[in-house]
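Asker: This is the structure alone, sequence omitted:
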């Protein structure tokens, strides 16, 4: 059961959610999970702003930089765990290679977190698969939106034509991830983004 239940229509909702993030001396991780079209990116951006307003060094990382293409949800989640979250937990600076969607391969250039975030800030990771390593996440947030609303949002995306041929296969990957890791049931914060 979630400790915090709120909605994006409630004034101060983002500030309420970030109060559930434990304090600590090292870097902390917020994972923002939900189905396609739920509004994870928007929620993560607001959480990042609320954390920055508290004086936290914060960086928002999208899982789209980690997925290995349209069939890469599980690979992206693994990469997040092994190349970003595990090093961060050990006090090391994470290094990964983001996915280049136009070229269909990993970038040759390494990606890094800002030093202040790696040392003692907050990494907000948004996207399905971000909560797949519960021992390495300090706050798991589930973003909810009804299926009809999610479908409408997906249809209105700027990249809807590119996404459309992959939509069913992506939904199947989401189903597998959600069945395996149960992020909605494990979330400490639940945000209605209807």
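Answerer: Thanks, I have the structure now. Predicted, not measured: the structure shown is a model, and the values here were computed from it.
Asker: Spatially, and excluding backbone neighbours, which residue is closest to the residue positioned nearest the centre of the chain.
Answerer: Centre of the chain computed as the mean C-alpha position; nearest residue by CA atoms, centre = their mean is residue 126, 1.7 Å away. Once flanking residues are discounted, residue 126 sits nearest to residue 44: 3.5 Å by CB to CB, 6 or more residues apart in numbering. The C-beta positions use only the backbone N, C-alpha and C, and glycine is treated the same way.
Asker: which strands and helices sit next to the helix or strand encompassing that neighbour?
Answerer: Take DSSP states H and E as the rule and residue 44 turns out to sit in helix 40-53. Counting contacts by 3 or more CB pairs under 8 Å, 6 or more residues apart in numbering; DSSP states H and E, helix 40-53 is packed against helix 13-18, strand 28-33, strand 58-62, strand 122-126, strand 139-144.
Asker: Please work out the angle formed by the directions of the last one and helix 40-53.
Answerer: Taking axes from the mean of the first three to the mean of the last three CA atoms, to 10 degrees, strand 139-144 and helix 40-53 form an angle of 140 degrees between their directions.
Asker: List the pairing partners of strand 139-144 within its sheet, with orientation.
Answerer: Strand pairing for strand 139-144, using DSSP bridges, gives strand 28-33 (parallel), strand 189-192 (parallel).
Asker: Tell me the buried residues in the next helix or strand after that strand?
Answerer: Past strand 139-144, further along toward the C-terminus, the next helix or strand under DSSP H and E is helix 147-156. For helix 147-156, the buried set under the neighbour-count rule, 16 or more other CB atoms under 10 Å, comprises 150, 153, 154.
Asker: any chance of those in a markdown table, with pLDDT and distance to residue 164 too?
Answerer: Formatted as a markdown table, the entries for the buried residues of helix 147-156 read as follows, by pLDDT from 0 to 100; distance: CB to CB, whole Å:
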| residue | pLDDT | distance to residue 164 |
| --- | --- | --- |
| 150 | 95 | 14 |
| 153 | 95 | 13 |
| 154 | 92 | 9 |
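Asker: which one among these gets closest to residue 33?
Answerer: Distances from the buried residues of helix 147-156 to residue 33 were compared by CB to CB; the smallest belongs to residue 150, at 13.7 Å.
Asker: contacts for the lowest-mean-pLDDT helix or strand in the chain?
Answerer: Ranked by mean pLDDT, DSSP states H and E, the helix or strand of the chain with the weakest confidence is helix 160-163, at a mean of 86. Contact with helix 160-163 is made by 154, 157, 170, as judged by CB atoms under 8 Å, 6 or more residues apart in numbering.
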